[in-house]
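Participant: Model the structure of this input:
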Amino acid sequence: MTDSANAVSDPVSDADIRGLWRRAYIKAPARDPDFEDHETHVYWFQADGLFADLRIPSRFSNGLPVTCLAELDPADLMALADAEGFAGRSTVVDSVCTWERVINLQGPETGRDIGRLERTATGLFEFGVDADFVELWLDQKIDGAEPEGRVLTCDGGIWGFLISSESRFLFALDRPTRKNLSRPWKEVLAHALKNADRDLLADLFQAEYSFGRIVDGSAMIELSSHPNRVGAVLCDNLHAVSDRFETNHTRFDGEALRRTWTVAELAL
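Facilitator: Prediction:
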């Protein structure tokens, strides 16, 4: 039976995509007629008009037993740069969703992110509009009210996105040089590693995309573009977040860092 044969004909609206979704697979004939990925750990958290997405290679999904990313060798750092994360705004018109990636871990965008959505018994199919692929998204039921999305800023003009519910969160933290990163992340990373440029490495890895569970108000990281952070607490009391709050981080070299965020309007 084909993917299309499993689809339900009812249209999909903005309200229908709100919630937490886990990708079961992607099939991409445009890349390889036999290509199918079930292994990458992918979560999409959608609020009302705001979203965040995290995609971590399976080898990093359980974290790494290191205190900081500087302890990894160049090969591991390059492999870690296969991770993807992005966040921004979304709209659905006639079951076609456009995701505007306001921030993007991989660097500059070269195309549009548009998918035609079809319901299934357990989630959604997403069929690429500008690319030949299909993804199956499974609905991860969350407790309480619908998820809330916040756009954030902190010192240095860094942008962030927080999508959260009573029990789950996905936090997207941009790097301060986003607007100046004119080449893909992996290309700049390879240059930094070749030249042993520790300052550039530290800057590149300021970006962090972390997903997890909220336990007694504490945001516990379960999956991250910084796999050394798995098991750490991102925010001590996420349920108390208002217009200003703090998050805990670790710099590339292991130094502890707290960031103070202010909720902002998205006007980029």
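Participant: Name the spans of the stretch 51-200 of the chain whose pLDDT lies under the cut-off.
Facilitator: Along the stretch 51-200 of the chain, the model assigns pLDDT under 70 to residues 110, 156, 177-180.
Participant: quick one, helices of the stretch 51-200 of the chain?
Facilitator: 74-80, 185-194, 198-204 (DSSP state H, counting those that start in this stretch).
Participant: CSV for those helices, including mean neighbour count and distance to residue 22?
Facilitator: Backbone N, C-alpha and C define where each C-beta goes, glycine included. Output for those, formatted as CSV (neighbours: other C-beta atoms under 10 Å; distance: least, C-beta to C-beta, whole Å):
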stretch, mean neighbour count, distance to residue 22
helix 74-80, 15, 21
helix 185-194, 16, 24
helix 198-204, 16, 28
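Participant: Dump the ones you listed into a markdown table; add distance to residue 29 as well.
Facilitator: Shown next, in a markdown table, are those (distance: least, C-beta to C-beta, whole Å):
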| stretch | distance to residue 29 |
| --- | --- |
| helix 74-80 | 26 |
| helix 185-194 | 24 |
| helix 198-204 | 33 |
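Participant: Nearest to residue 211, out of the ones you listed?
Facilitator: Across the helices of the stretch 51-200 of the chain, residue 211 has its closest neighbour in helix 74-80 (15.8 Å, C-beta to C-beta).
Participant: ok, now which ones touch the residue nearest to residue 201 when sequence neighbours are not counted?
Facilitator: Closest residue to residue 201 apart from its sequence neighbours, by C-beta to C-beta, 6 or more residues apart in numbering: residue 192 at 4.9 Å. Residue 192 makes contacts with 200-201, 204, as judged by C-beta atoms under 8 Å, 6 or more residues apart in numbering.
Participant: what do you get for residue 176?
Facilitator: Counting by C-beta under 8 Å, 6+ apart, residue 176 touches 156-158, 203, 206.
Participant: Out of these, which comes closest to residue 49?
Facilitator: Among those, and counting by C-beta to C-beta, the member closest to residue 49 is residue 158, at 21.5 Å.
Participant: How many neighbouring residues does that closest one have?
Facilitator: Using other C-beta atoms under 10 Å, residue 158 has 19 other residues around it.
Participant: cool, residue 171 as well?
Facilitator: The burial count assigned to residue 171 is 29, neighbours taken as other C-beta under 10 Å.
Participant: what's the answer for residue 153, then?
Facilitator: Using other C-beta under 10 Å, residue 153 has 15 neighbouring residues.
Participant: cool, residue 116 as well?
Facilitator: If you count neighbours by other C-beta under 10 Å, residue 116 ends up with 15.
Participant: Quick check: the nearest residue to residue 254 once chain neighbours are set aside vs residue 249, distance?
Facilitator: Using C-beta to C-beta, 6+ apart and skipping the chain neighbours, the partner closest in space to residue 254 is residue 68 (3.3 Å). Residue 68 is 11 Å from residue 249, where distance means C-beta to C-beta, to the nearest Å.
Participant: again with residue 28
Facilitator: Residue 28 is 34 Å from residue 249, by C-beta to C-beta.
Participant: Residue 99 bridge partners, please.
Facilitator: For residue 99, the beta-bridge partners are residue 90 (DSSP bridges).
Participant: list the contacts for it?
Facilitator: Shown in contact with residue 99 (C-beta under 8 Å, 6+ apart): 51, 53, 86, 88-90, 113-115.
Participant: Check what pLDDT residue 27 gets.
Facilitator: Residue 27 is assigned a predicted lDDT (pLDDT) of 92.
Participant: err, residue 33, not the other one
Facilitator: 66.
Participant: Repeat that for residue 17.
Facilitator: 96.
Participant: Once you drop chain neighbours, what's closest to residue 209?
Facilitator: In space, residue 209 is closest to residue 85, 3.3 Å off (C-beta to C-beta, 6+ apart).
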